[in-house]
Each structure stands twice: as structure tokens, then as C-alpha cells.
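S.K.: A structural model of the following input is requested.
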Amino acid sequence: MRYICLLALLLSFSCAVRETQSVQTPLHIIPRPVSVVGGGDNLQWDETVAIIVNGDQEQLVAELLQFYLKEKNITADISQTSKDKDKITLALGDLPDSVNGEGYRLTADDKGVRILASSGAGLFYGVQTLMQLIPAESTVIPFVDITDYPRFPYRGMHLDVGRHMFSVNFIKKYIDLLARHKFNTFHWHLTEDQGWRIEIKKYPKLQEVAAFRKETVVGRASTRTRNEPHEFDGQRYGGYYTTDEIREVISFASARFVTIIPEIELPGHAMAALAAYPHLGCTGGPYETATTWGIFPDVYCAGKDETFTFLQDVLDEVIALFPSRYIHIGGDEVFNNYFKTSWETCPHCKKRMAEEGLQDPHELQSYFIRRVEKYLNSKGKQIIGWDEILEGGLAPNATVMSWRGEAGGIAAARQQHDVIMTPEDWFYLDHAQDTVGEEPVIKRGYTPLKEVYAYDPVPAELTGGEARHILGAQGNVWTEYMKSPDQVEYMTYPRACAIAEVVWSPKAARDYNNFLQRMQTHVGRLKGWNVNYSKHLEKEFAGR
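M.R.: Residues are numbered from 1 along each chain as shown. So this is what the prediction gives:
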């Protein structure tokens, strides 16, 4: 019986995919679908609908759909059959070749709503579109035929919990918002100079010492000099996520088809870990967990084998927790114009360089990254690193996250390495989005919504073959000056909505004025999800 129903669905979904929206409709969907064809009529639901499923994957998505419908005061029963028009059929099956694995086909007509996809993720994204078709105060569904799929396979958002930590409940909310916007990756920045946020059972001082700092700088901290005086709040700050809490978050994300990529920073941004285990640094300390923001004068010692034993032990526990194919290892800001790395004077590092035939500290960093990569590859994992890992020679299988503009991404793609674009001038969401005088304290920069929306992740300099290495893009949320969930949401939304469209929608379909028109409806959804979005968006509407 299941196969007869599936055949009928496949036949009903046999028309060709359109690359752009073929009919202008009043449907305000974020991110914009590939093809939308309006049907000129409406489907009126009662207060109870049936969700029709015939398999385990469909059942899992149906349970989430049931939860989402409840938010709109619609009761849904999950079953295998229904003759009523008030039904939503979820089915897995083949779609045209042009529709990738995360794509879906959604049809609403007088027979009900049908969503067909070739994967559970596709069904889930079809559900997200369906939820945006349902008006806030109504159960009238427009007749529509939507074919949709993402432009990029990697669609990410990042959150730094090292500088400021957030509750498990907020991390879940953050992930749920990503899923509602069809992001599929959450980059969890778990370790920093200012705090170590993941429980590692083999090294209890990471919880006892590294997870806490004695105080926090007040106001805007200078990142240019350590000699400039700062004011501190005198309050001990910190915490960490237990392994049970991390498993809880991973399970929550997995149900929403969001992969979590953990970041364990190395060889730099390690002051918290060095405070707990000072023998891992070049000088042996003493060190303390950083209380301000900036670049600090010591990193993991690349000449000591104890360093690699420690990191391998840590990564073993991280691997056991996170099913992600990728582990982010950082690799940034080991060298900086404002200090000289201790590697240049460390006898252990000098010995390592001589033994390995390395010419300078840049090649020593490459050795460090390659050694960690080799270990992770042996465990079936791939590394992602910030674009500094290009310096001294790129590790063989590394994926580069290009943040210092596009140059690192271009260089990596030309070397046939995969790339994730996250250039600071467009996708760092700790930048101001309004005139700086009206914004909260920020690190630096001004990136309004329009600039975020205008960015294209594929640099024009790349050839077609090179461009295929651009996996997608990611928005980064660094929390030096974000102490609360409200502040994180204010800086993230609505700019994350723009990023969602950049990484999902066809390039040819993107139009900023059209985006703003749809955002006028989407604001109501953000309010319904209790998102503290930036009210600068109202100025954008007024300026259209």
C-alpha cells in the first residue's frame, strides 16, 4: 500500500524544476524558494489536521511538525491514512536530478498538502516552508506548488561561548532558530583564552580552573596594547557544559537536521587551558585565564610531546561526543604584529624545528596543524581551520574557513581544498548594524543588513573547477560584548535571515527590496519566536 501511495505522489510531482520563481505571489518565505507557482485558491483547514506518514524518517519529521503546528493552535494527529482534505502527507521518494538531497517539493491544493523529499532533511525543510505558509491568525493555506533546494551544502552559524557562556536552553533556542531558517550547521566555539566550556573527564582542572576567570574587563577593551589600563568588574565568571548537557544539545540539533561542529582552539587562544596545565606552555607559566579580550603572549608549546598527548586525549573525548565529520581546530592568531611568539625563543620549539627541518615558526605551526590533522584523520575525522592554517603550508586534507577577507579562501580553493567563506567585513555579526553611536558596545566594524545580503560566497576570481570547492558560508557571532541572550539575538537577527538567503536561495533570485518586503511579514514570525531582533530593521522598511 505504501508503494502505491508513493507512486501517486511521484506522478503528481513530475513537472520540471524552475530555476527562479515563475509566478509573483504574496508568499513571504525566508529564505526564498527556487520555484513558486501560485494556484489561485486556498485550502481552509479546521482546527485539527492529519499528518500522513509511512516510515520512520517521516514519523520523526511528523512529530516535529506536530510540535510546530501546536504553536499555531492547530492540533495534528499522526496516522497512515486519511480521506479528509485537512491532511499533510510526508513522503520520501525520488525527485528530479536537479533537486539535491536536501530539496523538497511542496504542493497544496484541494486534496491537502503534500511534501515529497529524498531525505529526512528535505522533508524537514519542506515543513519549515509550510509553517511560513500558514498565516499567524488563520488556517487558510494558499494553493501553491513549490520546488526548492539549497544552493550550498554548508549553511552555518557560529556562536562563541568562551567569552560569555549561555544556558543549554538558550543554545537550543539558537539552534532551533537556525533550523527554522534552513541552516544545517552550528559551529560551537567551546574553548578560548577567557574560558574552557566543555567537560573533559581526563583533565579535571579544565573544569576547576580553565572554565573560570577571576573577573572581566568593563567596557570596550583595547586589543592594540596590553599596557593601556582597563577597568574590571571584580566578579568571578565562568562555567562549562557537562557531557550530558552536550549530548542533550546534540540530540536536539540532530532532530532538526543541524550538525554541530565543535571547536577546540589550538595552538593559540589557549590561555585558559595553560592556566590549568601550565607545563603545556613554552615558559611553564604561571598563567591565568584571560580577563580581557585580545592577543596573548603564549600558546601551546609545539616542542613538547606532552602538548600533543594532552590534545589527543581531549580530542578523543570530543570525538566520542560529537558525531560530526568535522572538528574545528582554530589555528588563528598564533602570530600577530603586537607580540612575538614564544616559539622563537623556546628551546623545546627550537629543537623541534631542527629535528623536523623547519625554517621558521610559520612552518612549525604547519607541523603542529598537520600532526593534529593526522591524528584526527586516523579517527575518521576531518579538520576545519581558520585561514591562518595556510601559513607555512596547508595540512593535506584541511578545510579552510576564510575570515580575513576572501584571500585565504581563494588560495585554498586554488590548492584544491574545500572552503567555507566567513569574511569579517560581511559575516561577522559582532559588528554594528546601525550607526555606531546608537548600538551597544562592539569590538569594531559596521555591517548593515544590506551589506550582509549583498555578499556572494563564490569569489569572482575562481574558475568553475575552483569554485566547486566553496562549500558554503557561515555567520560568526563573537561574544566579547554580548553578555546575555537578548544581546546575542539583537546582533544576530535579522542579519542571520539575510545569510540564510545567501546560502540557500539561487543567486539570480536574490533581490534586496524583495527580501525587505518578505521580511515585513517575517518580523511577525521573529516576534512569535520571542527573538529580540534589531529594531533597525524598522528603519530599513521606512527607507524602501
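S.K.: how close does Val334 sit to Gln365?
M.R.: 6 Å (Cβ to Cβ, to the nearest Å). C-beta coordinates here come from the backbone N, C-alpha and C atoms, glycine included.
S.K.: for the residue nearest to Tyr174 when sequence neighbours are not counted, name its beta-bridge partners.
M.R.: The shortest distance from Tyr174 to any non-neighbouring residue, by Cβ to Cβ, 6 or more residues apart in numbering, is to Leu159 (6.1 Å). Residues in a beta bridge with Leu159, per DSSP bridges, are Trp188.
S.K.: on that earlier part again, between Val334 and Gln365, what contacts are shared?
M.R.: Pro267, Glu388 (Cβ atoms under 8 Å, 6 or more residues apart in numbering).
S.K.: mind checking which residue lies nearest the centre of the protein?
M.R.: Geometric centre of the chain, nearest residue: Met157, 2.2 Å, by Cα atoms, centre = their mean.
S.K.: please save the CA atoms from stretch 173-186 in PDB.
M.R.: Extracted in PDB, the C-alpha atoms of stretch 173-186 (Å, rounded to 0.1, in the frame of the first residue of the first chain):
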ATOM      1  CA  LYS A 173      16.700  28.100  21.100                       C
ATOM      2  CA  TYR A 174      19.600  29.400  19.000                       C
ATOM      3  CA  ILE A 175      19.800  26.100  17.100                       C
ATOM      4  CA  ASP A 176      16.000  25.900  16.600                       C
ATOM      5  CA  LEU A 177      16.100  29.400  15.000                       C
ATOM      6  CA  LEU A 178      18.800  28.200  12.700                       C
ATOM      7  CA  ALA A 179      16.800  25.200  11.700                       C
ATOM      8  CA  ARG A 180      13.700  27.400  11.000                       C
ATOM      9  CA  HIS A 181      15.900  29.300   8.500                       C
ATOM     10  CA  LYS A 182      17.200  26.200   6.900                       C
ATOM     11  CA  PHE A 183      20.700  26.400   8.300                       C
ATOM     12  CA  ASN A 184      22.300  22.900   8.700                       C
ATOM     13  CA  THR A 185      25.400  23.600  10.700                       C
ATOM     14  CA  PHE A 186      26.100  25.100  14.200                       C
END
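S.K.: who's in contact with it?
M.R.: 30-31, 102, 121, 124-125, 128, 131, 150, 153-159, 166, 249, 252-253, 256-261, 474, 485, 488, 493, 496-497, 500, 503-504, 525, 529, 531.
S.K.: and it, which residues are buried?
M.R.: Using 16 or more other Cβ atoms under 10 Å as the test for burial, stretch 173-186 gives 173-186.
S.K.: try stretch 347-362
M.R.: In stretch 347-362, counting by 16+ other Cβ under 10 Å, buried: His348, Cys349, Arg352, Met353, Leu358, Pro361, His362.
S.K.: leaving out sequence neighbours, find the closest residue to the last one.
M.R.: Going back to what we said before, that points to His362. His362 sits nearest to Gly392 (Cβ to Cβ, 6+ apart), 3.7 Å away.
S.K.: what do you get for the fourth one?
M.R.: With sequence-adjacent residues excluded and distances taken as Cβ to Cβ, 6+ apart, Met353 is closest to Leu364, at 5.6 Å.
S.K.: who touches that neighbour in this structure?
M.R.: Ala302, Trp343, Cys349, Arg352, Met353, Glu356, Leu358, Gly392.
S.K.: now stretch 249-263: how far from the chain's centre is it?
M.R.: Distance, stretch centre to chain centre, for stretch 249-263: 10 Å (Cα atoms, centre = their mean, to the nearest Å).
S.K.: what is the mean pLDDT for stretch 261-278?
M.R.: For stretch 261-278, mean pLDDT is 97.
S.K.: CA atoms only: put it into PDB for me.
M.R.: These are the backbone C-alpha positions of stretch 261-278, laid out as PDB (Å, rounded to 0.1, in the frame of the first residue of the first chain):
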ATOM      1  CA  ILE A 261      30.900  21.200  14.700                       C
ATOM      2  CA  PRO A 262      32.800  21.700  17.900                       C
ATOM      3  CA  GLU A 263      35.900  24.000  18.000                       C
ATOM      4  CA  ILE A 264      38.800  23.200  20.200                       C
ATOM      5  CA  GLU A 265      41.300  26.100  19.700                       C
ATOM      6  CA  LEU A 266      44.900  25.300  19.100                       C
ATOM      7  CA  PRO A 267      47.800  26.200  19.100                       C
ATOM      8  CA  GLY A 268      46.700  29.700  20.100                       C
ATOM      9  CA  HIS A 269      43.700  31.000  22.200                       C
ATOM     10  CA  ALA A 270      44.900  28.600  24.900                       C
ATOM     11  CA  MET A 271      45.400  30.800  28.000                       C
ATOM     12  CA  ALA A 272      42.600  29.100  29.900                       C
ATOM     13  CA  ALA A 273      44.000  25.600  29.300                       C
ATOM     14  CA  LEU A 274      47.500  26.800  30.200                       C
ATOM     15  CA  ALA A 275      46.200  28.300  33.400                       C
ATOM     16  CA  ALA A 276      45.000  24.800  34.300                       C
ATOM     17  CA  TYR A 277      48.100  22.900  32.900                       C
ATOM     18  CA  PRO A 278      51.000  25.400  32.800                       C
END
